[in-house]
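> model this:
(one chain, ligands or ions: 1)
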Amino acid sequence: MKKERYELKPCPFCGAGAHLFKNYGDSYTVMCGRKYISRKEPHCGASIMMPTREKAVKAWNRRESKNG
Ligand SMILES: [Zn+2]
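A predicted model of the protein is given here:
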């Protein structure tokens, strides 16, 4: 079975690792993993949803590289 590889850059806002989720249906969400690191800290709210995993990963990584 072929395993697809993808790479998620850290959250551009807080530097936490990102997580990829498959939503119900055919969409994928990349979300900041900060809430999994420390429950005391509020979730920074960074997330992105795309119809495919590839688009979600690309969009997230593009955001990471964006300055500001
Ligand atoms: Zn974050």
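> tell me the residues of this structure that contact the ion?
C11, F13, C14, A16, C32, R34, C44, A46 (C-beta under 5 Å from the ion). For the C-beta atoms, the positions are set from N, CA and C on the backbone; glycine is no exception.
> isn't the first one right up against H19?
Meaning C11. No: judged on C-beta atoms under 8 Å, C11 makes no contact with H19 at a distance of 10.0 Å.
> local confidence estimate at the nearest residue to C11 once chain neighbours are set aside?
In this structure, C11 finds its nearest non-sequential neighbour in C32, 4.2 Å apart by C-beta to C-beta, 6 or more residues apart in numbering. pLDDT recorded at C32 is 88.
> burial count for C32?
24 (other C-beta atoms under 10 Å).
> start at 450, not 1
In the new numbering, first residue 450, that becomes C481.
> what sits against it?
C460, F462, C463, A465, A467, H468, H492, C493, G494, A495, S496 (C-beta atoms under 8 Å, 6 or more residues apart in numbering).
> spell out which residues are contacts of both of C460 and H468.
C481, G482.
> out of these two, which sits in the busier spot?
Neighbours were counted for C460 and for H468 using other C-beta under 10 Å; C460 has more, 23 against 15.
> that's all I had, so thanks and see you.
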